[in-house]
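**Q** The sequence isn't on hand, but the structure is:
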């Protein structure tokens, strides 16, 4: 099984986000729920290129009960980790993400897993 390499599993609320995501930083997150065995089930993976706390709040939805997160050293590192998580979990667990992660505007970065370099692609 793949590992998200993220902190948590936290209740997905604004209060919890503010309590645990304290740095203004690029980063990555996974949204989902915990099953009866206490295992975190990934349903969505994403990133922020600048402010992880604010990005998590933008993604708030009652469909997701829990989240995990990690800070990234740069927006490129966050993009590459989002691609890795998308490939690791997208095909195996059926993420709600319907498109490959998109690189930030003004960059020519490619997915380290598949080389995808466009603005949007459906798998």
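**A** Now that the structure is in, tell me what you want to look at. Computed from a prediction, not measured in an experiment: that's the story for all the values here.

**Q** neighbours around residue 57, how many?
**A** Residues lying near residue 57 (other CB atoms under 10 Å) number 14. For the C-beta atoms, the positions are set from N, CA and C on the backbone; glycine is no exception.

**Q** contacting residues for it?
**A** Contact analysis of residue 57 by CB atoms under 8 Å, 6 or more residues apart in numbering lists 14, 17.

**Q** Where does it sit: helix, strand or coil?
**A** What DSSP: H, G, I helix; E, B strand; the rest coil gives for residue 57 is helix.

**Q** Let me know the pLDDT of it.
**A** What the model reports for residue 57 is a pLDDT of 98.

**Q** The one 5 residues further on now?
**A** As summarised for this prediction, residue 62 has a pLDDT of 91.

**Q** So it versus residue 37, what's the distance?
**A** From residue 62 over to residue 37 the distance is 23 Å, taken as CB to CB, to the nearest Å.

**Q** what's the longest helix in this structure?
**A** What stands out as the longest helix in the chain, according to DSSP state H, is helix 75-93.

**Q** That one packs against which elements?
**A** strand 27-34, strand 40-48 (3 or more CB pairs under 8 Å, 6 or more residues apart in numbering; DSSP states H and E).

**Q** residues contacting the residue minimising distance to the centre of the chain?
**A** Among the residues of the chain, the one closest to the centroid is residue 46, at 2.6 Å (CA atoms, centre = their mean). By CB under 8 Å, 6+ apart, the contact set of residue 46 is 28-31, 55, 59, 82, 97.
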